[in-house]
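J.: sharing a sequence plus its predicted fold:
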Amino acid sequence: MSNDFSFAISSIAFDENYQPLEHTRITTNFANLARGESRQQNLRNTLRMINQRFNQLASWDNPRGDRYSVELEIISVDMDVEGNGKAFPSIEILKTHVVDHRTNKRIEGMVGNNFSSYVRDYDFSVRLQEHNKGREGFSVPDDFGDLHGKIFQSFVHSDSYRQHFAKLPVICLSVSDSKQYHATDNRHPVLGIEYQPNETSLTEAYFKKMGLDVRYFMPPGSVAPFAFYFFGDLLNDYSNLELISTISTMETFQKIYRPEIYNAKTKAGDVYQPSLNNPDHELTDIVYDREERSQLAVEQGRFTQEHFIKPYQAVLENWAANYAL
């Protein structure tokens, strides 16, 4: 395996006392929730929603619906390109742990869940925009996502990853409002009803270059399907509690960020078209600035261009050309 870069992994607890670190990506969902006058109430309400949803899905041997709680860690990954100790913040993901209050055990949950990346910000908010400037119609560069995909796979197959995490990541994202989803006959006791999209998307192609496959499921009690990106076998490689830790965590975040889809009053039917203009939804009591987040994605994409892509361009291009699993 060609892998000349080293990765340093650090973590911080996402709890009601969470304070974003100075170098954290401020576009991340976590940092957005943890600012302003409502910060602590935001965090408490978010964690309460996660725990309620977890116990709802893990209802067996749980008569009072309070057997479990979820603990969250924000995992930050710094990448050292030249081996000189000068690191660039490349990836941020989320790690879950499940606390069983009946047995007093702390069970390792899922790594991945939320996914944010400086290079992805650059690809979508800077490179893609520059590529299409002045063009008629929308197009994508032939090598779009190649570098990011190889960086991610290099990280997942690195010694650093293996030392910290027992299983490969699963990333759970919102469905696309530009696609239509059709329910299938496939049912899973935790993941729920499987859906199939009517067409592939740029996001699917981008994550495919990261080595990830995708399946769409609407869990019991949810109102819309989610996109689950994974390596291997999503349905058999993870326990029910691991899957529930991802569903409860990411459904809570999506209810906050995408209430038009995930806090809608009407459940998705056999044919489902998500809409961010859906008026028939409820807001959570958690304050979140969605407009600010989209603006910051552009700013951080430019930061990446200036501090990562440009200064290391030759090194990165040579590495990507020779990288192989």
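T.: Looks like it came in fine.
J.: where do the helices sit along the stretch 101-250 of the chain?
T.: Along the stretch 101-250 of the chain, counting by DSSP state H, counting those that start in this stretch, helices occupy 118-122, 128-132, 146-156, 159-164, 202-208, 240-257.
J.: low-confidence ranges in the stretch 51-200 of the chain?
T.: Residues of the stretch 51-200 of the chain meeting the criterion pLDDT under 70: none.
J.: isn't R44 right up against Y18?
T.: No. Between R44 and Y18 there is no contact under CB atoms under 8 Å: 10.8 Å. The C-beta positions use only the backbone N, C-alpha and C, and glycine is treated the same way.
J.: among these two, which residue is more densely surrounded?
T.: Set side by side, R44 and Y18 show more neighbours around Y18, with 21 against 13, by other CB atoms under 10 Å.
J.: looks like that one contacts N42 (just checking).
T.: No. The criterion here is CB under 8 Å, and Y18 misses it with N42 at 9.9 Å.
J.: thinking again about what came up before, so for R187, which of the helices of the stretch 101-250 of the chain sits nearest?
T.: Closest of those to R187 is helix 240-257, at 13.9 Å (criterion: CB to CB).
J.: could you say what helices and strands the next helix or strand after that closest one packs with?
T.: For helix 240-257, the following helix or strand on the C-terminal side (DSSP states H and E) is helix 259-262. Packed against helix 259-262 by the contact rule (3 or more CB pairs under 8 Å, 6 or more residues apart in numbering; DSSP states H and E) you find helix 240-257.
J.: show me what counts as buried in the helix it packs on.
T.: 241-257 (16 or more other CB atoms under 10 Å).
J.: same check, this time on stretch 141-150
T.: For stretch 141-150, the neighbour count (16+ other CB under 10 Å) marks F144, G145, L147, H148, G149, K150 as buried.
J.: output those residues as TSV; include the columns distance to I286.
T.: Output for those, formatted as TSV (distance: CB to CB, whole Å):
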residue	distance to I286
F144	34
G145	32
L147	35
H148	30
G149	33
K150	36
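J.: any idea how far R120 is from the closest residue to D177 other than its chain neighbours?
T.: Spatial nearest neighbour of D177, excluding adjacent residues (CB to CB, 6 or more residues apart in numbering): P274 at 4.5 Å. Computed as CB to CB, to the nearest Å, the P274 to R120 distance reads 21 Å.
J.: more neighbours, the two?
T.: Set side by side, P274 and R120 show more neighbours around R120, with 24 against 21, by other CB under 10 Å.
J.: so which residues of this structure form strands?
T.: 6-14, 68-80, 87-100, 105-117, 170-174, 181-188, 192-197, 213-218, 226-230, 271-272 (DSSP state E).
J.: how far does the shortest one sit from its chain's centre?
T.: Between the centre of strand 271-272 and the centre of its host chain there is 24 Å, according to CA atoms, centre = their mean, to the nearest Å.
J.: parallel or antiparallel, which strands does that strand pair with?
T.: strand 181-188 (antiparallel) (DSSP bridges).
J.: contacts for the strand it pairs with?
T.: For strand 181-188, the surrounding residues in contact (CB atoms under 8 Å, 6 or more residues apart in numbering) are 175, 193-198, 216-218, 225, 235, 268-274.
J.: any of those buried? List them.
T.: Among those, the ones that count as buried by 16+ other CB under 10 Å are 175, 193-195, 197, 216-218, 225, 235, 268, 272, 274.
J.: next, give me the two most distant ones among these.
T.: Among the buried ones among the contacts of strand 181-188, L235 and P274 lie farthest apart (CB to CB), at 23.4 Å.
J.: the closest residue in space to V223 that isn't next to it in sequence: neighbouring residues, count only.
T.: In this structure, V223 finds its nearest non-sequential neighbour in K267, 4.6 Å apart by CB to CB, 6+ apart. By the measure other CB under 10 Å, the count of residues near K267 is 11.
J.: got a pLDDT number for K267?
T.: Looking at K267, its pLDDT is 96.
J.: so for Y257, what's the pLDDT?
T.: So Y257 comes in at 88 (pLDDT).
J.: same question but for A297, I mixed them up
T.: 80.
J.: would you confirm that it contacts L128?
T.: No. Between A297 and L128 there is no contact under CB under 8 Å: 11.8 Å.
J.: now do the residue nearest the centre of the chain against F144, distance only.
T.: Central residue of the chain (CA atoms, centre = their mean): N114, 2.4 Å from the mean position. To F144, N114 is 22 Å away according to CB to CB.
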